[in-house]
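A.B. asks: below is the structure, and that's it, no one-letter string:
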């Protein structure tokens, strides 16, 4: 049976279309539709329930050393009140998951994808015996809302006394929001627009949602718009663009790999791949025809099969088909032409540098 977020009944009352996602029953869209919700985020502001995400708390004298060992980015470089995007790897260098790491004065919080939570937990626990720290899964106790859009700061300013100008991109503060204390107010998001993600006590989820929605200008947005927004920005989705067959270098996430920080899980494999040369690369592409490239559609390079579409949609903002695929390195240059097989027809596609949408408001 699917799990439910604390806001399930609110979504149903709003007329949301609920679908199974990552073990949860989640709103994919509301009556206004995905395109309308997408445009609200690009032009104004919208609110997402992403309480299905997983959160781990790591404490102890070697908490930083431990998370540095099981992620690729440099946790030690984080200041208190700062977050970073990172990846968790297997020993062979492929991706277990992508994640966010938050540094607090006395602990770290690691935020992972809901579909991977149990797998991630089991994986990183294998390395704990080397470090003096504790690891706790607090996912069931935390609600997570994302207020996204160019008007996000204007709206959020009505519900907190925190000077939001003091919270830079990928930074956070503890705040009282809408009368709810101990909220982790983070300037992060998965849309490319300015915005905040709020982590707080799950028992107060309905209260927080209703308070923010009471502004009147905020619209609810579901997973459908979240997906089209992140794809326009070229942001990776686990299970599509990255998975346990891909490495950060292949996925264009080499900037998350800090080889000089010391030993970490997967480092030797990444060093070998870097020395040998990366065989393929995740690219963005556009299609001039009114096509709809979907995950799994075959890709052909110079008449021969060379991969498949990883993510694809008709961009609500740009009005063209966009997508991602892994191509051999010699085919991955911007402007290179290849074909996507859509319902038995090979249609032209062109490699394009990501992000597709270049006017986002994130700071």
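C.D. replies: Thanks, I have the structure now. It should be emphasised that the depicted structure is a prediction, and the values quoted were computed from it without experimental measurement.
A.B. asks: output the longest strand belonging to the chain.
C.D. replies: In the chain, assigned by DSSP state E, the strand with the most residues is strand 304-314.
A.B. asks: how about that strand: buried residues?
C.D. replies: 306-314 (16 or more other C-beta atoms under 10 Å). For every residue, glycine as well, the C-beta is placed using N, CA and C.
A.B. asks: show me what it is packed against.
C.D. replies: Strand 304-314 is packed against helix 223-232, strand 298-301, strand 321-328, with contacts defined by 3 or more C-beta pairs under 8 Å, 6 or more residues apart in numbering; DSSP states H and E.
A.B. asks: so which of the buried residues of strand 304-314 comes closest to residue 333?
C.D. replies: Set against residue 333, the nearest of these by C-beta to C-beta is residue 306 (14.0 Å).
A.B. asks: tell me the pLDDT at the closest one?
C.D. replies: The confidence metric pLDDT takes the value 94 at residue 306.
A.B. asks: just residue 363 next, same as before
C.D. replies: So residue 363 comes in at 65 (pLDDT).
A.B. asks: before we move on, back to that, tell me what angle the longest strand of the chain forms with helix 223-232.
C.D. replies: 120 degrees (axes from the mean of the first three to the mean of the last three C-alpha atoms, to 10 degrees).
A.B. asks: just checking: what are the partner strands of strand 304-314?
C.D. replies: strand 298-301 (antiparallel), strand 321-328 (antiparallel) (DSSP bridges).
A.B. asks: now residue 134. Its backbone dihedrals?
C.D. replies: phi -120, psi 150 (degrees, to the nearest 10).
A.B. asks: that one bridge partners, please.
C.D. replies: With DSSP bridges as the criterion, residue 134 is bridged to residue 59.
A.B. asks: burial of it, as a residue count?
C.D. replies: By the criterion of other C-beta atoms under 10 Å, residue 134 has 13 neighbours.
A.B. asks: same check, this time on residue 302
C.D. replies: 10.
A.B. asks: now do the helices in the chain.
C.D. replies: With DSSP state H as the criterion, the chain has helices at 8-13, 34-43, 63-70, 117-125, 152-156, 205-213, 223-232, 267-276.
A.B. asks: hey, which of these is tucked in deepest?
C.D. replies: The highest mean neighbour count among the helices of the chain, using mean count of other C-beta atoms under 10 Å, belongs to helix 223-232: a mean of 24.
A.B. asks: picking that back up, got the angle for the longest strand of the chain vs helix 34-43?
C.D. replies: 80 degrees.
A.B. asks: ok so, going back, including mean pLDDT and distance to residue 240, could the helices of the chain go into TSV?
C.D. replies: Output for the helices of the chain, formatted as TSV (pLDDT from 0 to 100; distance: least, C-beta to C-beta, whole Å):
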stretch	mean pLDDT	distance to residue 240
helix 8-13	98	24
helix 34-43	98	17
helix 63-70	98	23
helix 117-125	98	17
helix 152-156	98	26
helix 205-213	98	28
helix 223-232	98	9
helix 267-276	98	21
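A.B. asks: adding distance to residue 53, write those out as JSON lines.
C.D. replies: Output for the helices of the chain, formatted as JSON lines (distance: least, C-beta to C-beta, whole Å):
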{"stretch": "helix 8-13", "distance to residue 53": "15"}
{"stretch": "helix 34-43", "distance to residue 53": "18"}
{"stretch": "helix 63-70", "distance to residue 53": "17"}
{"stretch": "helix 117-125", "distance to residue 53": "8"}
{"stretch": "helix 152-156", "distance to residue 53": "19"}
{"stretch": "helix 205-213", "distance to residue 53": "13"}
{"stretch": "helix 223-232", "distance to residue 53": "12"}
{"stretch": "helix 267-276", "distance to residue 53": "26"}
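A.B. asks: looking at these, which is closest to residue 195?
C.D. replies: Comparing the helices of the chain by C-beta to C-beta, helix 152-156 comes nearest, at 4.2 Å.
A.B. asks: ok, residues contacting that closest one?
C.D. replies: Residues outside helix 152-156 that contact it (C-beta atoms under 8 Å, 6 or more residues apart in numbering): 45, 147, 164-165, 177, 185, 193-196, 212, 215, 217-218.
A.B. asks: are any of those buried, and if so which?
C.D. replies: Neighbour-count burial (16+ other C-beta under 10 Å) applied to the contacts of helix 152-156 gives 45, 147, 164, 177, 185, 193-196, 212, 215, 218.
A.B. asks: can you tell me which of the residues you listed is nearest residue 38?
C.D. replies: Closest approach to residue 38 among the buried ones among the contacts of helix 152-156 (C-beta to C-beta): residue 193, at 10.7 Å.
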